[in-house]
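> quick check, what structure comes out for this input:
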Amino acid sequence: MLINVEVDVLSGMPAWNVVGLPDTAIKESKERIRTAIKNSKVELLSRKYIINLSPADIRKEGASLDLAIAVRNT
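Okay, here's the model as predicted:
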């Protein structure tokens, strides 16, 4: 199944919001991704990140989207 990952980086209060029918594991991926980016010595800006996973009507589960989300955030 093809899932599109779109990330919008905005100024404002630092936050990560995942939209597009994510399950709990996807919502928890924020911490895994943030830690992986930090440990790879890439600076992650203190911004507001909105991560859209589409199509929105298909439930996304597991850690399979972590890499795609991380790449889109760097």
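
> tell me the contacts of Ile50?
Counting by C-beta atoms under 8 Å, 6 or more residues apart in numbering, Ile50 touches 7-8, 10, 17, 19. Backbone N, C-alpha and C define where each C-beta goes, glycine included.

> one more time with 10 Å
If you count contacts by C-beta atoms under 10 Å, 6 or more residues apart in numbering, Ile50 has them with 6-10, 15-19.

> what does Ala70 give?
Ala70 neighbours (C-beta under 10 Å, 6+ apart): 5, 7, 29, 32-34, 36-37, 40, 42, 44.

> now do the strands in this protein.
4-10, 15-19, 48-54 (DSSP state E).

> give the pairing partners of the last one; include direction for each.
Counting by DSSP bridges, the strands paired with strand 48-54 are strand 4-10 (antiparallel), strand 15-19 (parallel).

> so in this structure, which helix runs the longest?
Determined from DSSP state H, the single longest helix within the chain is helix 24-39.

> mind listing what's buried along stretch 27-38?
Across stretch 27-38, burial judged by 16 or more other C-beta atoms under 10 Å covers 29-30, 33, 37.

> where does this protein dip in pLDDT?
74 (pLDDT under 70).

> on that earlier part again, between the strands paired with strand 48-54, which one is nearest to Ala25?
Among the strands paired with strand 48-54, strand 15-19 comes nearest to Ala25, with 10.8 Å by C-beta to C-beta.
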